[in-house]
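**Q** Need a 3D model of the following:
(one chain, ligands or ions: 2)
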Amino acid sequence: MTMIEIERILRELRLSGIADTLSTRVMQAQSTQEPFLDTLGAMLQDEIDRRRSRLSERRFKQSKLDERPSLADFDWRFNPKLPRQACFELHALKFITEGANALIIGKPGTGKSHVAKAVAYQATLQSYDVRYVEADTEFARYALANHAEQAKILRTYVEPDLLVLDDLFLARRIHEASAELLQAIVHQRYKLRRSLIVTSNRVLQDWAKYLGDATMASTILDRLMHRAAMLEFEGKSYRLKEAASRIALSPVAAP
Ligand SMILES: Nc1ncnc2c1ncn2[C@@H]1O[C@H](COP(=O)(O)OP(=O)(O)OP(=O)(O)O)[C@@H](O)[C@H]1O
Ligand SMILES: [Mg+2]
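**A** Ligands and ions are numbered 1, 2, ... in the order given. Reported below is the predicted structural model:
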């Protein structure tokens with residue numbers, strides 16, 4: 001059988017990971033005279049690697065994350081009081097298997113969204129079904145949708161292994177329908193033991209005010225916090241630091 005014929009069969013069998021590296025593996029085997037089983041093992045590993053990377057790429061697209069932040073590019077010296085240990089604990093993703101939540105609350109620009117996205121991205125790499133949502137924007141979209149669309153939207157927030165609700169209450173008061181959506185998400189995910197990460201720069205004591213309903217706020221917080229890591233982000237805004245360095249770098253205007 002020729003190489004071309006073998007490649008055609010591999011593609012028919014949907015083994016493109018093996019097909020792509022076939023010529024290299026054949027050359028390698030001929031030049032190193034390695035045992036047949038070693039070559040076969042390497043080829044099978046190529047196929048597995050290809051499938052894993054395709055799956056995590058698909059997971060990344062499905063997640064609707066707009067970037068791939070990591071904890072490695074986070075400057076922990078900038079706000080030394082951040083709960084670094086707890087962030088890495090989340091990044092290890094054990095909380096997803098335990099169906100636990102994380103609440104990341106604190107001052108603007110301190111990196112809450114960065115950390116939440118880094119954890120979500122890590123989960124896509126581990127092939128979890130993840131959904132990232134900018135809470136206010138998406139909740140407003142929900143409030144305007146018709147009944148059938150609302151049911152569909154809710155399903156997309158309940159089904160994933162991990163849901164990130166980022167920047168909750170950025171616009172303070174939310175629409176009544178959005179408050180009900182938040183309640184439905186939290187209740188259903190709690191029942192199914194599916195993890196949720198919420199970031200907000202609003203302290204929990206004020207949630208009743210933003211939801212416009214104290215009972216609703218306490219039922220939501222009760223379920224959210226039952227199995228949850230609570231991360232407080234105290235410190236100064238990294239956005240202001242970046243803005244300050246941009247101003248310092250910009251050329252002085254000629255008089
Ligand atoms: N310690 C840090 N090291 C590196 N980059 C940081 C750090 N803190 C924040 N950033 C960056 O600063 C920007 C703002 O951070 P982020 O959006 O995560 O803040 P936030 O706490 O979510 O703020 P907000 O409450 O306004 O939503 C992002 O681009 C983020 O990557
Ligand atoms: Mg944020």
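**Q** SS state for the residue in the chain that ligand 2 sits nearest to?
**A** The chain approaches ligand 2 most closely through residue 113 (3.2 Å), counting by CB to the ion. Using the backbone N, CA and C atoms, a C-beta is placed for each residue, glycine as well. Three-state assignment for residue 113 (DSSP: H, G, I helix; E, B strand; the rest coil): helix.
**Q** Can you give me the distance of it to residue 145?
**A** Distance of residue 113 to residue 145, given as CB to CB, to the nearest Å: 25 Å.
**Q** again with residue 125
**A** 32 Å.
**Q** And residue 162, by the same measure?
**A** Distance from residue 162 to residue 145, by CB to CB: 23 Å.
**Q** neighbour count winner among the two?
**A** Per other CB atoms under 10 Å, whichever of residue 162 and residue 145 has more neighbours is residue 162, with 24 against 15.
**Q** buried sites along the helix ranked longest in the chain?
**A** Across the chain, the longest stretch assigned as helix under DSSP state H is helix 36-63. For helix 36-63, a neighbour-count test (16 or more other CB atoms under 10 Å) marks 39, 42, 43, 46, 47, 50, 56, 59, 60, 63 as buried.
**Q** if I read this right, the first one contacts residue 31, doesn't it?
**A** No: taking CB atoms under 8 Å as the contact criterion, residue 39 and residue 31 are not neighbours in contact, 11.5 Å apart.
**Q** Pass me the low-pLDDT residue ranges in the protein, would you?
**A** 249-255 (pLDDT under 70).
**Q** For it, what lies in contact range of ligand 1?
**A** Neighbours of ligand 1 within the chain, by CB under 6 Å from any ligand atom: 74-75, 78-79, 108-114, 167, 199, 201, 233, 238-239.
**Q** For residue 220, list the residues it contacts.
**A** Counting by CB atoms under 8 Å, 6 or more residues apart in numbering, residue 220 touches 182, 183, 186, 207, 211.
**Q** what's the burial count for residue 199?
**A** 25.
**Q** wait, isn't it in contact with residue 114?
**A** No: counting by CB under 8 Å, residue 199 does not reach residue 114; the two are 9.5 Å apart.
**Q** buried set for the helix or strand harbouring residue 183?
**A** Using DSSP states H and E, residue 183 sits within helix 176-192. By neighbour count on 16+ other CB under 10 Å, the buried set for helix 176-192 is 178, 179, 180, 181, 182, 183, 185, 186, 188, 189, 190.
**Q** With respect to residue 10, which of these is nearest?
**A** Among those, residue 189 lies closest to residue 10 (CB to CB), at 41.8 Å.
**Q** quick one, domains of this protein?
**A** What automatic domain parsing lists as the domains of the chain is 3-63, 84-241.
**Q** what's the most buried one of those domains?
**A** Mean neighbour counts were compared across the domains of the chain using mean count of other CB atoms under 10 Å; the top stretch is domain 84-241, at a mean of 18.
**Q** can you give me the end-to-end distance of it?
**A** End-to-end span of domain 84-241 (CA to CA, to the nearest Å): 20 Å.
**Q** Surely residue 102 is in contact with residue 197?
**A** Yes: counting by CB under 8 Å, residue 197 is a contact partner of residue 102 at 4.6 Å.
**Q** tell me, what's touching those two both at once?
**A** Shared contacts of residue 102 and residue 197, defined by CB under 8 Å, 6+ apart, comprise 90, 116, 119.
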